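*Asks:* Sequence and predicted structure below; questions after.
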Amino acid sequence: MNIRYEMTTGLPSEPILTVLLDLLGTIFNNQDRTELLAKLTYQASRTGLQTQWASINDRIVGCKFGYERKPGQFYSWLGGVHPDFRGQGIAAELMRQQHDWCRQNKYNTIRTQTYNQWRSMLLLNLRFEFDIIGTEQGKHGLTIVLEKKLL
């Protein structure tokens, strides 16, 4: 199976943006599509949003969004893989490519947050040497805050 990975700064153009919104809606079924678009547009307007996606046979099956949280720190924000394509290393490769990009662009740390319900993402972050640095009350429950040093 040939998996193609692509990356762009900012929001991708149509029809890719619509497909990514559909994918995020499938992954995060507790979030409204209009709300997701508003969040993406807001981040793209203020922080230089970085967008990545993975496709198989021209079907987008995974994605990852992030942005500069503060100078030297990148925030790995939204992402995931369509349920039909999990377990094939797609999320790990998206993460690896994001971390490589962050190193090349002189970021010192990457921060992310996840909920306990997304255990596969929590475990992937731990495998990629993130440390749990705390918890916060989030919109959908308690969030686990993780950070990784890029030295």
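*Replies:* Great, that's in hand.

*Asks:* Now do the strands in the chain.
*Replies:* 3-9, 50-56, 59-70, 73-81, 109-115, 131-138, 141-149 (DSSP state E).

*Asks:* Let's have those in TSV, adding distance to Ala92.
*Replies:* Yep, even glycine has a C-beta here, placed from its N, CA and C like the rest. TSV is the format used below for these (distance: least, CB to CB, whole Å):
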stretch	distance to Ala92
strand 3-9	11
strand 50-56	11
strand 59-70	10
strand 73-81	10
strand 109-115	14
strand 131-138	18
strand 141-149	14
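
*Asks:* Mean pLDDT added to those strands, as a markdown table?
*Replies:* Listed next are the strands of the chain as a markdown table, based on pLDDT from 0 to 100:
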| stretch | mean pLDDT |
| --- | --- |
| strand 3-9 | 96 |
| strand 50-56 | 97 |
| strand 59-70 | 96 |
| strand 73-81 | 95 |
| strand 109-115 | 95 |
| strand 131-138 | 94 |
| strand 141-149 | 95 |
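
*Asks:* Let me have those strands in a markdown table, extended by distance to Arg103 and mean neighbour count.
*Replies:* Below are the strands of the chain laid out as a markdown table (distance: least, CB to CB, whole Å; neighbours: other CB atoms under 10 Å):
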| stretch | distance to Arg103 | mean neighbour count |
| --- | --- | --- |
| strand 3-9 | 14 | 13 |
| strand 50-56 | 13 | 21 |
| strand 59-70 | 13 | 20 |
| strand 73-81 | 10 | 21 |
| strand 109-115 | 10 | 20 |
| strand 131-138 | 18 | 11 |
| strand 141-149 | 11 | 16 |
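
*Asks:* Any figure for the gap between Ile16 and Ala44?
*Replies:* Taking CB to CB, to the nearest Å as the measure, Ile16 falls 14 Å from Ala44.

*Asks:* which residues does the closest residue to Glu68 other than its chain neighbours contact?
*Replies:* Nearest non-adjacent residue to Glu68, counting by CB to CB, 6 or more residues apart in numbering: Thr47, 5.3 Å away. Residues near Thr47 by CB atoms under 8 Å, 6 or more residues apart in numbering: Tyr67, Glu68, Arg69.
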